[in-house]
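> sequence and predicted structure below; questions after.
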Amino acid sequence: MSKIIVGMSGGVDSAVAAYLLKLAGHEVSGVTLRVWMTKDGKDSRCCEIDDARKVSHMIGIPYYVENCVADFNEKVIKKFIDDYIAGMTPNPCVECNRYIKWDKMLGLADLMQAQYVATGHYAHVMKLDNGRYTVKTADHAEKDQTYMLYRLTQEQLSRTIMPLGGLSKDEVRALAVKAGLLVAQKPDSQEICFVTDGKYSEYIEDNSEKEIPGEGNFVDEDGNILGKHKGIIHYTIGQRKGLGIAMGHPVFVKEINAERNEVVLSLEDALFKNEVICNRLNFLSIEGIAPGEEVRVRAKIRYHHKPQAATLSMIDEDRLRIVFDEPVRAVTPGQSAVFYDDNDCVVGGGVICG
């Protein structure tokens, strides 16, 4: 049996992951990474220490807390704010997984001489015939979390266990009830952990160390001024509601131009495009794509987007082109595009830049 460090958020998924590994006979320790606290001192939904400690005691495993607030602020929160100010819509959970959660948990595993780390993510870790590691979609698609895991490294995946990949949420809750875990019926967190009310613009205004762009112009696709917007951080691609402008017909945010402090509005048809450009690439199931090579995949451009057939090719060393067979709606710079093969394994992914 292995020695395993389990990341404990205080929720039901990580609790059941730890329970199942302990039940299987492994030497399990729970750890919570304290990444952020509210102004009144409460922990965020991804690191509710009191619940995680109580659950660990009920399971009968040692429990530890690691303070990561400074690193999380530097590598996740500041980047989130800077990206929004630059007119993008980022995925902070993707950055946190690679640069905070796995980095810190594996560091602790080394200190504690543990072979593996484990989490409550709904996904499968796979070692392929080519020797590379990847993640495969969960058996129950509605809970699949592979989109958020595409930036993990080969070293990180080689030491990772995800016990919940074959279970549904109902099955996980049933296991928690059977084990008598106090978090069995605890609701899932729906928001980014450090923006508890979902109001991103207010959070950025309260926490940015940089000057935030103020009012600017709404323009049409030809650059004609349509009216005034209240600041680019209040908008995202594809948005229709809450624009604060009356056009007599539905209009949508097509583009955010941070340099000109403009928000481009269009009809919905203009939101669709076949070609997407990505940078900050990370490949899992393959080492990379050779110049001139084309790779067929199914790609998704946001967490809740159903993967669609597409072809990948490299533009240069740092940028990749996705050409979708059918147009996709509201391609959003800052979001991640993730690629899957016919076996539902993640080929890789990147950050949308155009």
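That came in fine, so what should we check first? Numbers count the residues shown, from 1 in each chain.
> quick check: the residue lying farthest from the centre of the chain vs residue 30, distance?
Within the chain, the residue lying farthest from the chain centre (C-alpha atoms, centre = their mean) is residue 248, at 36.7 Å. Look at residue 248 and residue 30: by C-beta to C-beta, to the nearest Å, they are 58 Å apart. For the C-beta atoms, the positions are set from N, CA and C on the backbone; glycine is no exception.
> ignoring the adjacent residues along the chain, who's closest to residue 300?
residue 307 (4.5 Å; C-beta to C-beta, 6 or more residues apart in numbering).
> isn't that neighbour up against residue 324?
No. Using C-beta atoms under 8 Å, residue 307 makes no contact with residue 324, being 10.3 Å away.
> so between these two, which is more surrounded?
residue 324 (19 against 16; other C-beta atoms under 10 Å).
> which residues sit against the strand or helix carrying that one?
Secondary structure from DSSP states H and E places residue 324 in strand 320-329. With C-beta atoms under 8 Å, 6 or more residues apart in numbering as the test, strand 320-329 has contacts from 238, 271-279, 281, 289, 299, 301, 305, 308-315, 337, 339, 350.
> again, only this time at 7 Å
Strand 320-329 is contacted from outside by 238, 271-278, 281, 299, 301, 308-315, 337, 350, using C-beta atoms under 7 Å, 6 or more residues apart in numbering.
> can you give the distance of the helix or strand just after it from its chain's centre?
Using DSSP H and E, the helix or strand that follows strand 320-329 in sequence is strand 336-340. Mean-position distance between strand 336-340 and its chain equals 11 Å (C-alpha atoms, centre = their mean, to the nearest Å).
> kindly report the same for stretch 209-224.
27 Å.
> for stretch 51-58, same thing?
For stretch 51-58, the distance to the chain centre is 26 Å (C-alpha atoms, centre = their mean).
> for that stretch, buried residues please.
For stretch 51-58, a neighbour-count test (16 or more other C-beta atoms under 10 Å) marks 51-56 as buried.
> with distance to residue 34 added, can I get these in CSV?
As requested, those are arranged in CSV below (distance: C-beta to C-beta, whole Å):
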residue, distance to residue 34
51, 13
52, 10
53, 12
54, 16
55, 16
56, 15
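> in a markdown table, list those residues along with distance to residue 101, pLDDT and secondary structure.
Shown next, in a markdown table, are the buried residues of stretch 51-58 (distance: C-beta to C-beta, whole Å; pLDDT from 0 to 100; DSSP: H, G, I helix; E, B strand; the rest coil):
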| residue | distance to residue 101 | pLDDT | secondary structure |
| --- | --- | --- | --- |
| 51 | 18 | 94 | helix |
| 52 | 14 | 95 | helix |
| 53 | 18 | 96 | helix |
| 54 | 21 | 96 | helix |
| 55 | 18 | 97 | helix |
| 56 | 17 | 97 | helix |
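> ok, those residues vs residue 78, which is closest?
Of all these, residue 78 sits closest to residue 52, with 26.0 Å by C-beta to C-beta.
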